[in-house]
Structures are given as C-alpha cells and as structure tokens.
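**Q** Compute the structure for the input listed below.
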Amino acid sequence: MATAEHLKSLIKAHIEHDDERFKTVVLQIAAYEAKLGHETLARELKQYAGKVCTSKGNIFRFNQQNSMLLMTLPSDRLADLVVSKELLERIERILDEYRNRYRLEKYGLSNRRKILIEGKPGTGKTFTASVIASELNLPLYTVQMDKVVTKFMGETSTKLRQVFDSVATSTGVYFFDEFDAIGADRNLDNEVGEARRILNSFLQFIEQDISESIIIAATNNSKLLDQALFRRFDDVLHYSIPSEDEICRLFDLKLKSFNTNYCISHVLVEHAIGLSHAEIIHVCDDAIKDAILRNGVINDRLLAKFIDDRRSAYSTKDA
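**A** Numbers count the residues shown, from 1 in each chain. Now for the predicted structure:
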C-alpha cells in the first residue's frame, strides 16, 4: 500500500487544489505498487491518474511551493535516446538501480541518483534528464538558474537550500542545467568570495541529501567545474557529437514516421558529420515541414540543403 509520505502528499495536494501534484503522487504510488508486484493495482492507479486533470504531455508548470522549479511530466522514452552503447548501458544501470533501490538498501548500498552530464550543446543532456524522469514515472523539476543565482550576498545559498528542501520533500528528477553558474572552480582567478560560498553551499547540500530524488547537473565544459564536485556525484556521463552510426539512427528515428520508404545514404551521413544531435533533429524537422507544405518528398538533396543551412548559420560567427 501507499507509504505514509504518499498519503500526506495526497491530502496536502487535495487541500491546496494542486491537481498536477495530486496526479504526480498517484503515479508515484502506482510505480511503488508495480515494484511490489501489484501490477493490476498499479495499472488501475495509472488509469485514475490520467483522469485527474485534462492537461497532459509536456505541460510546463512552476511548482506552487517553489517558483524556482519548473515542473513537467515528460513522456520521452529510452528508445528515442540516440547515444553510444556505453552511455546507454550506464543510463540503463541508473534506471535499474533506482527501480531496485530497496533491494540494494537491504545490503547497505544506495542507488546511483546524483549524476553529472558533460558535453557540447545539443548532444542530448537535457533530453537524457527527461528520459530518466519519464522511464521512472517521476516529474521533472528543472531548476531555474536565473531565479536561483542573484547578486545579493547570501541570497543564492538561501535559494539553493529551498531547492534542496523540495528535493527532500517532493520526489522527482531535479535538473540543474548550465551548472557552471554555481559549480565553477573556486581556484579560478575571476571567482569572487560569494561564488565560492555558493559552491560550498551546494557541496554541503548535495552531500547531506539522502532523499529518493534523482539529481542531474549538466555542463557544456567540465573543465570549468571545481574538482571537489566530481566525488559528490555517483556517475559522470560524457556526451559528444554523434558518430556516423548515431547519425544514421537519428535520421531513421525522425524520418521513419513521415516517410517509411526513405533510406539515408552514406554520402549524406558523411555530410552531416560534425552536427550535434539537436541540429540533426532540426534538419529532419525542417525537411518534413518543407515536404508537407510543398507536397514534396524527402530525399538526399532536400536534407543536404537543410544541413548546409545549419552549417551556414555558424560560418560567419566570430570565435
């Protein structure tokens, strides 16, 4: 049956007329019951959750208790995440350990739930956080860094404490994007005393955290981060520009729903080398929209045109 914390959360959500929160707790209970082998009950609870409110899918909503958090209920699946085999295995391990965290606890072990993701923009860091939340039936709380980091001394640390209070009381996946804003190396010459205090506060909060939430921090450059951060995370995932195989899989994944007969050529794959995951997805979306609006078809020439458009967008950019 539901835990005492689940029941308290349900009652609180009902009193505050927070339908989104109520639905989230019901889904958490369903996931809990499924892990106990109560599949029928879990299925019924999920059906009830679907009737709680009319909004569904990726609807963004600020947490009513904490405006620094933007909550979504993602529906992305692991099968849609195109990464290397090694990365996929490590993400599957994170999911497997979370689902079996109570078994691990019996042996005095804890599951991986503090994750650092490093990689160039557009390589799938944010999408990974969304996939992990969706696969575990958890809400995704994106930390609004512009609301956390302020110019007033001591205020950022206070706001970080409020974020970690939510981590402890509202189970979910908490995503810190652009993490360098609070995790920059304390030894950098341009780092002032307040920045060091912010990082020290984060180190303290993440080390003390023993909740069931998953914490994911993402950065475009791990070299900017303080070395003390790395031992606070259970796993570090390094993302890179897609390989030729990943490029093929991305094109296939995005185009097969629109044109099942199209088969990407090796020449086009080579032409796309160097683009990020996000840029290739944009190329596919542009090609699909063009084919729809012009009653045309998707072919190598059309895709090559949009690949060139993507490249030209950066060709005049000064470093």
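**Q** contacting residues for the nearest residue to L73 once chain neighbours are set aside?
**A** Sequence neighbours aside, P139 is the residue nearest to L73 in space, at 5.8 Å (criterion: C-beta to C-beta, 6 or more residues apart in numbering). C-beta: built from backbone N, CA, C; applies to glycine. Shown in contact with P139 (C-beta atoms under 8 Å, 6 or more residues apart in numbering): T24, M71, T72, L73, A133, S170, G172, V173.
**Q** Report the beta-bridge partners for the last one.
**A** What that stands for is V173. V173 has the following beta-bridge partners by DSSP bridges: L140, I214.
**Q** What strand or helix carries the residue nearest the centre of the chain?
**A** Closest to where the C-alpha atoms of the chain average out (C-alpha atoms, centre = their mean) is A129, at 1.6 Å. Assessed by DSSP states H and E, A129 sits inside helix 125-135.
**Q** With only the CA atoms kept, save that helix in CSV.
**A** Extracted in CSV, the C-alpha atoms of helix 125-135 (Å, rounded to 0.1, in the frame of the first residue of the first chain):
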residue,chain,number,x,y,z
LYS,A,125,22.0,16.3,-21.9
THR,A,126,18.5,17.8,-21.3
PHE,A,127,16.8,15.0,-23.2
THR,A,128,18.5,12.4,-21.0
ALA,A,129,17.1,14.0,-17.9
SER,A,130,13.7,14.0,-19.5
VAL,A,131,14.0,10.3,-20.5
ILE,A,132,15.1,9.3,-17.0
ALA,A,133,12.1,11.1,-15.4
SER,A,134,9.7,9.5,-17.9
GLU,A,135,11.1,6.0,-17.6
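**Q** Against which helices or strands is that helix packed?
**A** helix 85-99, strand 114-119, strand 140-143, strand 173-176, strand 214-219, strand 235-239 (3 or more C-beta pairs under 8 Å, 6 or more residues apart in numbering; DSSP states H and E).
**Q** Any chance you could list what contacts it?
**A** Here helix 125-135 makes contact (C-beta under 8 Å, 6+ apart) with 72, 74-78, 80-81, 83, 91, 94-95, 117, 119, 138-140, 172-173, 175, 177, 214, 216, 218, 237, 239, 277.
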